[in-house]
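Colleague: take a look and give me a structure for this.
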Amino acid sequence: MSLDPTGAAADATDRPDVELSLTVVRYADEPDRCTIYPPEATGDARMSTWLSADYGAFVDLAAMQ
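Modeller: Prediction:
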């Protein structure tokens with residue numbers, strides 16, 4: 001649930017779909033790293049709209065529903 005600008009609650013399903021890309025970098029001596037980012041972003045938006053974490057921190061969305 002989220003709040004709209006007037007403070008009214010809105011369901012998560014009211015949000016628009018967002019397309020994301022995923023890249024996994026594999027390392028021999030450290031945990032693999034996964035980066036999620038919007039594929040169409042460029043310039044400053046590309047540098048500020050990504051998330052990286054150890055691959056093991058991510059789970060399949062279908063498994064969590």
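Colleague: rounded mean pLDDT for the helix ranked longest in the chain, please.
Modeller: As assigned by DSSP state H, the longest helix anywhere in the chain is helix 43-48. If you average the pLDDT over helix 43-48, you get 86.
Colleague: over to stretch 21-38?
Modeller: Across stretch 21-38, pLDDT averages out at 94.
Colleague: flag every buried residue along that stretch.
Modeller: For stretch 21-38, the buried set under the neighbour-count rule, 16 or more other CB atoms under 10 Å, comprises 34, 37. (Each C-beta comes from the backbone N, C-alpha and C, glycine too.)
Colleague: run the chain-centre distance for that stretch.
Modeller: Its chain's C-alpha centre lies 13 Å from the corresponding centre of stretch 21-38 when counted by CA atoms, centre = their mean, to the nearest Å.
Colleague: same thing with stretch 46-61?
Modeller: 6 Å.
Colleague: which element is the closest residue in space to Ser52 that isn't next to it in sequence on?
Modeller: If the residues on either side of it in the chain are set aside, Ser52 comes closest to Thr35, at 4.4 Å by CB to CB, 6 or more residues apart in numbering. Per DSSP states H and E: Thr35 is located in strand 33-37.
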